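>>> would you be able to build a 3D model of this:
(chains A and B)
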Amino acid sequence: MNALLHIAVRSALNRRGTLALVMLSIALATALLLGLERLRTDIRSSFALAVSGTDLVVGARTSPVQLMLYAVFHVGGATNNIRMDSLRAVAAHRAVAWVVPLSLGDSHRGRPVLGTTPDYFERFAYGDRQPLVLAQGRAFAATLDGLYEAVLGAEVAQALGYSLGQKITLSHGSADLLAPVHADKPFTVVGVLARTGTPVDRTVHVSLQAIEAIHLDWAGGAQLPGMKIAPENARKFDLEPKQVTAALVGLKNRVAVFNVQRFVAGYEGEALLAVLPGVALDELWSVVGPGEQALLVISALVAVVSLASLVAVVLAGLNERRRELAVLRAVGAGPRHVLWLLAAEGAMVTLAGAILGAAAAALAVLLAGPWLQQRFGITLLPAAPTAAQWGLFAAVVLAGMLASLVPGWRAYRLSLADGLSPRT
Amino acid sequence: MLQIRNLRFAWPGAADCVAIDTLDVGPGRTLFLHGPSGCGKSTLLGLMAGVLQAQHGSVSLLGQPWAALPAGRRDARRADHVGVIFQQFNLLPYLTVLDNVLLPCRFSATRAERAARSAGTPAAAAQALLQRMGLTADLWGRRADALSVGQQQRVAAARALLGAPELVIADEPTSALDTALRDGFMDLLLGACADNNSTLVFVSHDDRLAERFDERLSLPTLNRAIA
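You can find the predicted model right below:
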C-alpha cells in the first residue's frame, strides 16, 4: 500500500493542472457548506443571546418579528410609535416590575441611536443574564445639566476611534450619507460600554429628553428655518417625551407573562403588541429556516457537482493511461492494485480540496466578522469547528472516496481486459 | 523453466488466437520467437507471464501452472519471477529513472531481497544495473520521460532484470530503436541475462537478431491457430 500511495501521489502531481481545477471546485463546495453552517449557528446564537432578563417587549401592533428586530436589534423601522401614557398604564399593572422605554430613529455614521432612561443600564441583560458593564466613564444623567450626553457601545468607540469627551453629532433617520444632521446640538461622550457581542455594541445611547431636545425645532424630518432653538434654550422646554418607539418590560413573576401580554393586546387606548422575546425568535426561525435549508441543499448540490466533475476528469484521462496500467501489471500489480491506485488519487484530491475549503471558510469568517458585527450586531467568532462542521467535512471526504471508486472500478476492468497489451 | 502443453486461447467472441501443442524452455536459455504482427505474439507473451488465462491446456513457470493459482497469487508470482520489456512506453513518466527501475521491488519482497543480496540495498543494485546498461548517475534522478527512447529502453531492461527474475519476456524491445542503438541494447540485454542465468523469451519480427540466441522458433509454425 505504501508503494501504491507513492505512485498515486506522483501520478496525481503529474496531472496537477486538470486536477487543480477539480480540487478548487471541491474546495468551493466545502467552503460553502462549512461557511453556511458556521453562519447559521452564529446567527442563531447571536439572536438568542441578544437580550435576556426581559419578559416582554412592547410596541405598536405589528409583526412580532419586526418588533424584535427594531426594538432589540435596531434594524428596520417602526411602523408606529406608542404613547407614553399607554406605557404608564402598562407599568401600572400589578404584575409589572419595571418598564424601560426605547426611542429610535436617529443615527450616527450608520449606527443607530437609542434614546432611553438610565434604568436601561441596570435592567438590560444579554447572553446568560449578563448585565451591561461600563468600560470607561459613566452612564448619561437624564438631568437638564447633562442633557447632551452619550454612552457608546464598544464597536462604535473602537471603529470610529472615539474616547471620553469626544463631541459627536447625530443624524436624523438611518441613512448614512445624506441624512440631515442635528448639527447645532452636539453630544459629548461620557461613557463607553464593554464589549457584549450583541447589537448594544453598535448603538449610541442617549437620554429620552435629549431626543426630544434635538427634535424641538424639527418637523417633517427637517429643521424648521427661522425657528432654531439653541441648545441651552432647549432646556427651558418640556422635554418629557409623549411618544416612544417601544419598551422593555420586566415582571415581578414570570408566571404572569401571558396575563400581561393579553392585557397589552387588549388595551383600548392604543393598538399595542407585547412579545415574548423567545417566542418571537422562534417565529423568526420559522421564516428563516426554509431559506437556510434551501441554501444548505444548494451547497450540497455544489458538492455533488464538484465530485461528479472529479470522477469525469479522472475517467476521461483513463484512456490515455492504459499503457501506464499495463506497465503496472507487468511489474506485478494486480487489477486490485490498479483499483486502489485510482481510488487513492481521487480520495487525495478530495481531501486536499476539502482542507482548502475549510481554510477558506475560516478565513471568510475572519474577514466578514467585523463587518457583520458593525452592520447587524451579529458576532461571528473564529472558534473551533463545531460537530456539525466536522460532520459536513467528513461527508465531503467520504463522498469523494466513494466517488473515486468509480474510475477505480473502470481501471480495474480495463486492466483485466488489456493485460499487458492495451489497445491504444 | 517454462512449459506449455496443449494450449488453446481465444479472445471472447473470436476464433482461436493461440494454439500450441508443446513448448519447453530451459533455465538460462535464450529463445527467439520470430513472427510478423497479427500472429498472436502479444497474446502468447501474456499467457507466458500469467496475465492471460488459457481456456485449454496449461502454461507452467518453474513447475507451477498459472491456472492453479488464484488471481492475487498469480500477480504476486509474476512480480517475483518475471520481468517484462515492451516495445515502447515501458516507464511511468512521472517517476524518476531510479524509481522506475525499483518498481518490481515494491511489489515483490523476493525481488527486493535478491537485489539487496547482491549490492546491500535494492537501490544500490538498481544503480549498479543502470551503470551496466550505460546510464550514468546524472540520469538516475531525472523524470523518465526526459530520456531518449534508446535510454528509456535500457532503463526498461534494467527494471526487468533487477532482482534476477528467472524469466524475462521481451516484446519487440528493439523495434523502436535505430540500428546503432539496437546492437548495443542486444549486447547489454543478453549479457545481463547471462549474468543472472535468467531465461529470455524474445519476440521480434526482425530476423537479423536471431543468430544471437540459443533457440529460434517461427511463431507461425509454432502457433497452429494461424498456420
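>>> now residue A:185: how far from residue A:191?
For residue A:185, the distance to residue A:191 (CB to CB, to the nearest Å) stands at 19 Å. Placement of C-beta: from N, CA and C, glycine included.
>>> for the closest residue to chain B within the stretch 301-424 of chain A, give me its contacts.
Of the residues in the stretch 301-424 of chain A, the one nearest chain B is residue A:332, at a distance of 2.4 Å by CB to the nearest CB. Residues near residue A:332 by CB atoms under 8 Å, 6 or more residues apart in numbering or on different chains: B:75, B:76, B:78, B:79, B:80, B:104, B:107, B:108.
>>> now the fourth one: how far from residue A:331?
Just to be clear, that refers to residue B:79. Residue B:79 sits 7 Å away from residue A:331, going by CB to CB.
>>> which neighbours do these two have in common?
With CB under 8 Å, 6+ apart, residue B:79 and residue A:331 have common neighbours B:104, B:107.
>>> hang on, the earlier thing: in a strand, that's where the residue of the stretch 301-424 of chain A closest to chain B is, yeah?
No. Assignment of residue A:332 by DSSP: H, G, I helix; E, B strand; the rest coil gives coil, placing it outside any strand.
>>> what about the nearest residue to it once chain neighbours are set aside, neighbour count?
Nearest residue to residue A:332 in three dimensions, chain neighbours excluded: residue B:79, at 2.4 Å (CB to CB, 6 or more residues apart in numbering or on different chains). The number of residues packed near residue B:79 is 25, by other CB atoms under 10 Å in any protein chain shown.
>>> now residue B:79: which helix or strand?
helix B:71-81 (DSSP states H and E).
>>> show me the helices in the chain, by range?
Just so you know, I chose chain A. Under the criterion DSSP state H, chain A contains helices at A:2-14, A:16-49, A:64-72, A:84-92, A:119-123, A:154-160, A:208-215, A:231-234, A:257-266, A:277-318, A:322-330, A:335-376, A:387-418.
>>> hm, I was asking about chain B
Assigned helices in chain B, in chain order: B:41-48, B:71-81, B:97-107, B:109-119, B:122-132, B:137-140, B:149-161, B:179-196, B:219-222 (criterion: DSSP H).
>>> so residue A:68 sits against residue A:57, correct?
Yes. Contact criterion CB atoms under 8 Å: residue A:68 and residue A:57 qualify, at 6.4 Å.
>>> show me which of the two is the more surrounded one.
Neighbour count, other CB under 10 Å: between residue A:68 and residue A:57, residue A:68 has more, with 26 against 23.
>>> present the helices of chain B as a markdown table; the columns should include mean pLDDT and distance to residue A:319.
Listed next are the helices of chain B as a markdown table, based on pLDDT from 0 to 100; distance: least, CB to CB, whole Å:
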| stretch | mean pLDDT | distance to residue A:319 |
| --- | --- | --- |
| helix B:41-48 | 86 | 19 |
| helix B:71-81 | 89 | 23 |
| helix B:97-107 | 91 | 22 |
| helix B:109-119 | 88 | 30 |
| helix B:122-132 | 90 | 31 |
| helix B:137-140 | 90 | 30 |
| helix B:149-161 | 91 | 22 |
| helix B:179-196 | 88 | 30 |
| helix B:219-222 | 81 | 30 |
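>>> I'd say residue B:193 and residue B:167 touch.
No. At 10.0 Å, residue B:193 does not count as touching residue B:167 under the criterion of CB under 8 Å.
>>> quick one: common contacting residues for those two?
Counting by CB under 8 Å, 6+ apart, the shared contacts of residue B:193 and residue B:167 are residue B:199.
>>> for residue B:30, give me its contacts.
Per CB under 8 Å, 6+ apart, neighbours of residue B:30: B:190, B:193, B:199, B:200, B:202, B:212, B:213, B:214, B:215.
>>> count of neighbours near the residue lying closest to residue A:103 once chain neighbours are set aside?
The shortest distance from residue A:103 to any residue other than its chain neighbours is 3.5 Å, reached at residue A:115 (CB to CB, 6+ apart). Residues lying near residue A:115 (other CB under 10 Å) number 25.
>>> what pairs with residue A:115 across the strands?
In this entry, residue A:115 is beta-bridged to residue A:103, residue A:206, by DSSP bridges.
>>> again, but for the one 10 residues further on
Under the criterion DSSP bridges, residue A:125 forms beta bridges with residue A:52, residue A:131.
>>> which residues does it contact?
A:51, A:52, A:53, A:54, A:131, A:132 are the contacts of residue A:125 under CB under 8 Å, 6+ apart.
>>> correct me, but the fifth one touches residue A:194?
No. Between residue A:131 and residue A:194 no contact is recorded; they are 10.2 Å apart, counting by CB under 8 Å.
>>> now residue B:14: how far from residue A:420?
Residue B:14 is 18 Å from residue A:420, by CB to CB.
>>> in terms of packing, which of those two has more residues around it?
A side-by-side neighbour count of residue B:14 and residue A:420, using other CB under 10 Å, places residue A:420 first with 22 against 7.
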